[in-house]
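J.: sharing a sequence plus its predicted fold:
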Amino acid sequence: MGWATEAVQALSRGSRVEVRPRGGSMRGRIEDNQRVTLSPVDPRDVQVDDIVLVRWRGGVLLHLVKRATAEQLLIGNNVGRINGWAPRRDVVGRVVHIHPLTT
């Protein structure tokens with residue numbers, strides 16, 4: 001799983017981590033291979049529009065929080081897809097900085 005495995009390990013230790021996620025599902029906010037910084041987060045502090053690393057169906061996703069309840073988060077990408085509801089406890093970390101693209 002590459003960058004995601006590295007991120008989960010660092011966040012589980014309580015460390016911030018910089019990664020370069022791959023794919024186009026977050027384009028417009030995070031481009032393919034754009035550097036982002038993730039930080040551990042208390043899942044109770046996650047809000048709508050946060051970008052979170054969340055456990056999802058045996059893997060992890062770096063996606064947007066579309067809606068939130070006290071116990072669950074509705075996860076989706078930035079191009080219109082809704083994945084579904086995830087328990088807050090499945091949040092691994094939150095994006096705290098999206099680095100500018102370099103040429």
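T.: Arrived safely. Residues are numbered from 1 along each chain as shown.

J.: ranges for the strands of this protein?
T.: Ranges of strands within the chain are 17-19, 36-39, 51-56, 59-68, 72-76, 82-87, 91-98, based on DSSP state E.

J.: columns distance to residue 25 on top of these, output as JSON lines?
T.: Yep, even glycine has a C-beta here, placed from its N, CA and C like the rest. Formatted as JSON lines, the strands of the chain follow (distance: least, C-beta to C-beta, whole Å):
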{"stretch": "strand 17-19", "distance to residue 25": "15"}
{"stretch": "strand 36-39", "distance to residue 25": "14"}
{"stretch": "strand 51-56", "distance to residue 25": "11"}
{"stretch": "strand 59-68", "distance to residue 25": "7"}
{"stretch": "strand 72-76", "distance to residue 25": "9"}
{"stretch": "strand 82-87", "distance to residue 25": "10"}
{"stretch": "strand 91-98", "distance to residue 25": "14"}
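
J.: could these go into CSV alongside mean neighbour count?
T.: Listed next are the strands of the chain as CSV, based on neighbours: other C-beta atoms under 10 Å:
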stretch, mean neighbour count
strand 17-19, 18
strand 36-39, 20
strand 51-56, 21
strand 59-68, 19
strand 72-76, 20
strand 82-87, 15
strand 91-98, 19
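
J.: TSV for those, including mean pLDDT and distance to residue 2?
T.: Putting the strands of the chain into TSV (pLDDT from 0 to 100; distance: least, C-beta to C-beta, whole Å) gives the following:
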stretch	mean pLDDT	distance to residue 2
strand 17-19	97	9
strand 36-39	98	14
strand 51-56	97	13
strand 59-68	96	11
strand 72-76	98	20
strand 82-87	97	20
strand 91-98	98	15
